[in-house]
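**Student:** okay, sequence plus prediction incoming.
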Amino acid sequence: MSGARVCVGALAGAFGVRGEVRLKSFCAEPEAVAGYGPLSTEDGTRRFEVTLTGSVPQGFSARLSGVTTREAAEALKGVRLYADRERLPALPDDEFYHADLIGLEVADTGGTVLGRVTAVHDHGAGDILEIAPAAGGGTFLLLFTRAAVPTVDLARGRIVADPPPGAEDQRGPTGRR
């Protein structure tokens, strides 16, 4: 995973009039977001040192290097911030960064390729893998639990899944269940 970057936060607009921003952290320990810097934009064109200045509802107020006005802070609203993968802590064997799962091939327990992970969603009740089927068509969702996904082999770029019967056939008109 050398050279990879992981999304660790997003900017939610300006805070105050002196260039501070509202920062939503995606880290397990939310305040750790400032320690993984410098953080960069998704396209990598801008890098920021981050200093947390306080707590606000659903995040922090923060100073970003080079951002000194409310207008500059407001212009960053919606920007996602990324850290170099190497700066993040190692995880236990049964935990994974979402960025490490995206792109992995998914096969069932019999070896039949089901597709590839295109996204990992977390709506508060646990992670859900979005999988683009190998045969094409709309994506389907799979709970990322030990029962449904018994094996994740990052070294081989592969997930072994044991989806409930018919999971791949539960796609709605938009391709999602």
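**Tutor:** Cool, the structure landed.

**Student:** now the element after the lowest-mean-pLDDT helix or strand in the chain, going C-ward?
**Tutor:** Ranked by mean pLDDT, DSSP states H and E, the weakest helix or strand in the chain is helix 98-101, scoring a mean of 86. Per DSSP states H and E, the first helix or strand lying C-terminal to helix 98-101 is strand 105-108.

**Student:** for that next one, give the mean pLDDT please.
**Tutor:** Strand 105-108 carries an average pLDDT of 94.

**Student:** what's it packed up against?
**Tutor:** strand 113-122, strand 158-161 (3 or more C-beta pairs under 8 Å, 6 or more residues apart in numbering; DSSP states H and E). Where C-beta positions appear, they are placed from N, C-alpha and C, glycine not excepted.

**Student:** S40 is in what secondary structure piece?
**Tutor:** Assigned by DSSP H and E, S40 falls within strand 39-41.

**Student:** one step back: just the helices and strands packed on strand 105-108: most buried one?
**Tutor:** For the helices and strands packed on strand 105-108, the largest average neighbour count (mean count of other C-beta atoms under 10 Å) is found in strand 158-161, namely a mean of 19.

**Student:** paired strands for it, with orientation please.
**Tutor:** Note on strand 158-161: by DSSP bridges, its sheet partners are strand 105-108 (parallel), strand 151-153 (antiparallel).

**Student:** domain parsing for this structure?
**Tutor:** 5-87, 98-169 (automatic domain parsing).

**Student:** for those, which has the smallest mean pLDDT value?
**Tutor:** For the domains of the chain, mean pLDDT drops lowest on domain 98-169, to a mean of 88.

**Student:** and it, how far from the chain's centre?
**Tutor:** Centroid separation for domain 98-169 versus its chain: 15 Å, with C-alpha atoms, centre = their mean, to the nearest Å.

**Student:** who's E20 bridged to?
**Tutor:** F15.

**Student:** that one is in contact with A73, isn't it?
**Tutor:** Yes: using C-beta atoms under 8 Å, E20 is in contact with A73, at 6.4 Å.

**Student:** appreciated, that's everything.
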